[in-house]
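Colleague: Got a predicted structure plus its sequence, pasted below:
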Amino acid sequence: MTISSRLLLDIDPSDIEKLTKFLKDKYKYDFTNYALLSFERRIQKILKDGNLSNVAELIIKLDTTPEFVHDFIKNVTVNVTEMFRDPSFWYQMRKEIIPKYSTQEKPVKIWHIGCSSGEEVYSMIITLKELGVARNLSVTATDIDREVIKKAKTGKYPLKKLTLNNKNYLKSGGTKKFDDYITKDNRFYYINKEIKQHVCFHEHNLVSDNSNDIGLFDIILCRNVLIYFNQNLQNDVLKTIHQNLQLEG
């Protein structure tokens, strides 16, 4: 049986159970309550891409090849993002949500959950800056994947995405030029330091890490994260968000 044909079959639930137990015991990554079909599809793809015959081989590779663990986490959690992704969302933030904080005396605190490579975070700061809120701002951005956190900190992105980012920015209600917030060379564009200075990125596992010490926030964004969780875990995450929101957040 080829790997391609094997992908048409479900992975045995007992293998998924063994894999999730191993990841939790060995690396403290808890995928127990991830949506089963989504998790299984991603495991199937990892098996195919890694030319692995079964979950047992995958566990052995995870156990003996630490650098592979980072690739595994990246492929399971899937980081899909861009500057001002879903411009209608950002337009609503600009017109209805953020203006409420324009006169707030204490710092406006924001938490981006599952921040991926940082584009959403920088989109928020640019929006806040244009609305006059960035002068009094504290942004926390977290993700389970330490490699995307490293990328987010650099604020360095492929130049080929710049045209799309410009379109998204204008559709979101941007009042200047996206180019005002970046520098660029022949291959990449770079978020300016005056934007990056407002955010603190760090690794955080929303499922297993304590969120009590992160603090209370005026705005919490958790986009494209809950779709990977089952109902029980979604409820737990919503409780965490509620506990970390200011009274009128």
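Modeller: Thanks, I have it.
Colleague: For the helix or strand harbouring residue 20, what is the distance to the chain centroid?
Modeller: In the assignment (DSSP states H and E), residue 20 maps to helix 13-27. Distance, stretch centre to chain centre, for helix 13-27: 23 Å (C-alpha atoms, centre = their mean, to the nearest Å).
Colleague: List the buried residues for that helix?
Modeller: Buried residues in helix 13-27, counting neighbours by 16 or more other C-beta atoms under 10 Å, are found at 15-16, 19-20, 22-23. Backbone N, C-alpha and C define where each C-beta goes, glycine included.
Colleague: isn't residue 140 right up against residue 113?
Modeller: No - here residue 140 does not reach residue 113: they are 9.3 Å apart, not a contact under C-beta atoms under 8 Å.
Colleague: Could you check how far residue 135 is from residue 101?
Modeller: Taking C-beta to C-beta, to the nearest Å as the measure, residue 135 falls 12 Å from residue 101.
Colleague: okay, now residue 229: neighbour count?
Modeller: 20 (other C-beta atoms under 10 Å).
Colleague: Local confidence estimate at it?
Modeller: Per-residue pLDDT puts residue 229 at 81.
Colleague: Could you do residue 4 as well?
Modeller: Looking at residue 4, the pLDDT reads 41.
Colleague: where in this protein is pLDDT low?
Modeller: 1-10, 78-80 (pLDDT under 70).
Colleague: quick one, helices of it?
Modeller: 3-6, 13-27, 36-49, 55-64, 66-77, 87-92, 119-130, 146-154, 162-171, 193-196, 231-243 (DSSP state H).
Colleague: Go through these and name the closest to residue 109.
Modeller: For the helices of the chain, distance to residue 109 was read as C-beta to C-beta. The smallest value, 11.6 Å, belongs to helix 119-130.
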